[in-house]
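# Fold the following for me, if possible:
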Amino acid sequence: MIPTSQSGVDLKYPCLVLIIFLTRGVFAASPEINLRGTSASEARQRLIASAESFLGTPYRYAGLDRRGLDCSGLVYLSFLEGLNYTAPRTTQSIYNWAQTIDRAELQPGDLVFFITTGSSISHVGIYTGAGRFIHSASEGPRTGVMYSSLSESYWRRTYYGAGRVLPLDTDAAHEPAAAQLPARVAQGQTWAGSGYFVGFGAAWTWGGFFEGTDSPFRGISSLATVGYKWSKYRIGFEIRQEWDRALGVFRLPLTVSAGTDIFQVFAGPAYTFREPGLSLGMGVSTATPPIWIGSGALSLYGELAWQLYDRENGNFRHNPDIAANTRISTGLRFFWKI
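Okay, the predicted model is just below:
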C-alpha cells in the first residue's frame, strides 16, 4: 500500500527521499577511481609518497602548489600527482565524496577529518598508519605540511571521523589494531621515511659507592647527537660529556653509534681532562618507546659504558679500575627529524 497523509496526499516520494538520506552512510560505496591495473596497496603507497613529497611546504589558504598549500589542497595534489586523479577541492566536498568508515577500520591512504572551528568539517589529512597522518596545518607552534599523531590532545579532541576513497587493501586488513598504538610504537619506528636527525639528552651517573663516596650518585652526563635514520636503523655521531664526581675528572667522549631506536652500541675516543688524557670509550644504550611531542620523540634511556681510566699508569688493578672505568647512567633524551 502506498502511504498517504490524512488529506490524501501521496507520500511515496517524500518517504523514498527520507529512506535514501537515512541509509546513505550504510550503503555508501567507495568512489570509482580507475587504478589502471595498480593494486590497492600500491595505490595507497603512491598516494602517501605523493603527500610526503610536500613535507615542509608552508601553509597558504587556497594554495595549490609548492609555494603553499591548505589542507584540502594537499589532498587534491596528492591524488593528482600520485594517482593522476582529480579529487574534490574543498574539505567538505572531500568528506561528502568519501565513504564513511570507523576509526578502527583505518588503513594507510584513508582520510581523517576534523572539526577545528565552528560546527562543520574544517580540516582533512591523509592517514599513514600507526596513528599518524600527513596534513597542512594552519595554526600552532608549527605550520605547513607535516606529520601529526591522532593521539595528540588537540587532534584527539577535534577528530570527527574517517573516510575511504581507495579500495580496501585486503593484505593489510589486520593493520588497524596496531595502528591505534601511539606514533609508530607498533612498528618500532620513530619517524616515517628516512632522513637526518639531531638530539640531546641528560642523565644521572650511578655507582659512587664503588669509588668510596657516601652516595650512589657518581656524576652527570649529557648527549648531543646528529645522524641519519632509515626505516628501522640509524647511525649517529655523538658527544657524550661526563662529569665524574667520584674521580674528580671531566671526560669528553666522541663516539659513533649504530642500532635501532630502542638499542644502540657506541664506541670512540674519550679525552679526560686530568690524567690519563686520551683513551677509548665504548658501550651500549637502550631506550623506551618514544613519547611524541610535536615532531620530536622523548624517551627514557640508559647506558652502560666503559671509559678507560688507568690510575696506575699501565699497572691495571682489577677491582678499583673496573669500578673507575664503568659508567651506568639513566636519563631523558629528545630526538627530532631535520
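
# Ala224 pairs with what?
On the basis of DSSP bridges, Ala224 is bridged to Phe200, Ile239.

# Got the confidence number for it?
The model reports Ala224 with a pLDDT of 96.

# Repeat that for Trp292.
70.

# Please apply the same query to Gln187.
In this model, Gln187 is scored at 37, pLDDT.

# One more: Thr116?
At Thr116, pLDDT is 93.

# Neighbours of it, how many?
16 (other C-beta atoms under 10 Å). The C-beta positions use only the backbone N, C-alpha and C, and glycine is treated the same way.

# now Arg36
For Arg36, using other C-beta under 10 Å, the count is 9.

# and if you look at Gln45?
16.

# Give the rounded mean pLDDT of the helix or strand harbouring it.
Using DSSP states H and E, Gln45 falls within helix 40-52. Across helix 40-52, the average pLDDT comes to 93.

# And stretch 273-285, by the same measure?
Averaging pLDDT along stretch 273-285 yields 80.

# One more: stretch 297-306?
90.

# ok, and what's touching it?
183, 190-191, 201, 203, 221, 240, 253, 261, 266, 281-292, 325-336 (C-beta atoms under 8 Å, 6 or more residues apart in numbering).

# Take the residues you listed and keep only those in strands.
Among these, the members falling in strands (DSSP state E) are 201, 203, 221, 253, 266, 281-287, 291-292, 326-336.

# hang on, the earlier thing: would you mind identifying the next helix or strand past the helix holding Gln45?
That would be, after helix 40-52 and using DSSP H and E, strand 64-65.

# and that following strand, what does it pack onto?
Applying 3 or more C-beta pairs under 8 Å, 6 or more residues apart in numbering; DSSP states H and E, we find strand 64-65 packed against helix 71-83.

# quick one: buried residues of the helix it packs on?
Within helix 71-83, the residues scored as buried using 16 or more other C-beta atoms under 10 Å are 71-79, 81-83.

# between that helix and helix 40-52, how many degrees?
Interaxial angle of helix 71-83 relative to helix 40-52 (axes from the mean of the first three to the mean of the last three C-alpha atoms, to 10 degrees): 130 degrees.

# Kindly provide the whole-number mean pLDDT of helix 71-83.
Helix 71-83 comes out with an average pLDDT of 95.

# Then stretch 234-244?
91.

# Can you mark which positions in it are buried?
234, 236, 238, 240, 242-244.

# which residues does the closest residue to Arg103 other than its chain neighbours form a beta bridge with?
Spatial nearest neighbour of Arg103, excluding adjacent residues (C-beta to C-beta, 6 or more residues apart in numbering): Ala162 at 5.4 Å. Beta-bridge partners for Ala162, by DSSP bridges, are Ile101, Val112.

# if I look at Ala162, how far off is Trp292?
20 Å (C-beta to C-beta, to the nearest Å).

# Domain ranges for this structure, per the record?
Listed by automatic domain parsing, the domain ranges of the chain are 12-178, 195-337.

# helix/strand/coil for the nearest residue to Thr57 once chain neighbours are set aside?
Closest residue to Thr57 apart from its sequence neighbours, by C-beta to C-beta, 6+ apart: Val145 at 4.5 Å. Taken by DSSP: H, G, I helix; E, B strand; the rest coil, the conformation at Val145 corresponds to strand.

# Quick one: buried ones out of the ones in strands among the contacts of stretch 297-306?
Buried members of the ones in strands among the contacts of stretch 297-306, scored by 16+ other C-beta under 10 Å, are 201, 203, 221, 253, 266, 281-283, 285, 287, 292, 326-329, 331, 333-336.
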